[in-house]
Structure formats: structure tokens, C-alpha cells
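S.K.: Next come a sequence and a model predicted from it.
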Amino acid sequence: MTEVIYKIVQHDGGWAYQVGETYSETFPDHDAALKAARTAAAEQQVGGQTRTISWEDSSGQWHREVSDGGDRPETTVVD
């Protein structure tokens with residue numbers, strides 16, 4: 001099973017959560033970033049419908065795949 005880790009970090013003059021190389025929007029304080037990360041992590045675990053999705057990798061290549069709505073990752077928030 002895939003694990004998605006949300007890390008709380010200082011970013012762009014405030015606080016954000018980071019997943020891999022991607023940062024969230026910047027929040028004014030640590031607590032707001034932590035709350036947003038916990039919300040995002042919880043939403044990541046909610047199942048849904050099977051859908052076709054497209055996504056761009058780090059080299060700019062677009063991919064298209066079917067995502068099973070019940071195949072949800074484990075999530076962790078690191079403060």
C-alpha cells in the first residue's frame with residue numbers, strides 16, 4: 001500500500017505542508033498549516049468512484065490512468 005507523508009515545514013515566509021517535492025499554500029502560522037495537513041490527510045483516505053485521472057510527472061510528461069476509488073493510501077502527518 002502507498003503511504004503519503006505530510007510534513008509541516010517553514011515555507012515562503014510562513015508555514016506549509018509538504019508532500020514529496022510539492023508544497024501547499026503558505027499559512028500564517030504553524031497551527032494553521034498543521035490543521036490543513038490533517039484535513040488533507042483525512043480527505044486523502046476517503047474512497048470514491050473509480051475514475052480516469054491524468055497527472056504530470058517531474059519531467060513534464062503527462063500520464064493517464066484509471067484510479068480505483070477504493071484504493072486509498074495510508075497517510076501520516078509529521079510535525
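M.R.: Arrived safely.
S.K.: which residues touch the residue nearest to Asp12 when sequence neighbours are not counted?
M.R.: Nearest non-adjacent residue to Asp12, counting by CB to CB, 6 or more residues apart in numbering: Thr26, 4.6 Å away. All C-beta atoms are positioned from the backbone trio N, CA, C, and that covers glycine. Neighbouring residues of Thr26 by CB atoms under 8 Å, 6 or more residues apart in numbering: 11-16.
S.K.: Please repeat the previous calculation with a cut-off of 10 Å.
M.R.: With contact taken as CB atoms under 10 Å, 6 or more residues apart in numbering, Thr26 is in contact with 10-16, 32-33.
S.K.: Arg64: which of those residues is nearest?
M.R.: Nearest to Arg64 among the contacts of Thr26: Ala16, at 28.9 Å, using CB to CB.
S.K.: So for the helix or strand hosting that closest one, what gets flagged as buried?
M.R.: Element membership of Ala16, judged by DSSP states H and E, is strand 14-19. Residues 15-19 are the ones in strand 14-19 that count as buried (16 or more other CB atoms under 10 Å).
S.K.: Show me what it packs onto, helices and strands only.
M.R.: strand 3-11, strand 22-23, helix 30-44, strand 74-78 (3 or more CB pairs under 10 Å, 6 or more residues apart in numbering; DSSP states H and E).
S.K.: Which of these sits closest to His63?
M.R.: Per CB to CB, nearest to His63 of the helices and strands packed on strand 14-19: strand 22-23, 16.0 Å.
S.K.: Relative to the centre of the chain, find the outermost residue for me.
M.R.: Computed with CA atoms, centre = their mean, the maximum C-alpha offset from the centroid of the chain is found at Gly13, amounting to 20.6 Å.
S.K.: For that one, give me its contacts.
M.R.: 26, 28.
S.K.: Please repeat the previous calculation with a cut-off of 8 Å.
M.R.: With CB under 8 Å, 6+ apart, Gly13 has these contacts: Thr26.
S.K.: do Gly70 as well
M.R.: Gly70 touches 47, 50, counting by CB under 8 Å, 6+ apart.
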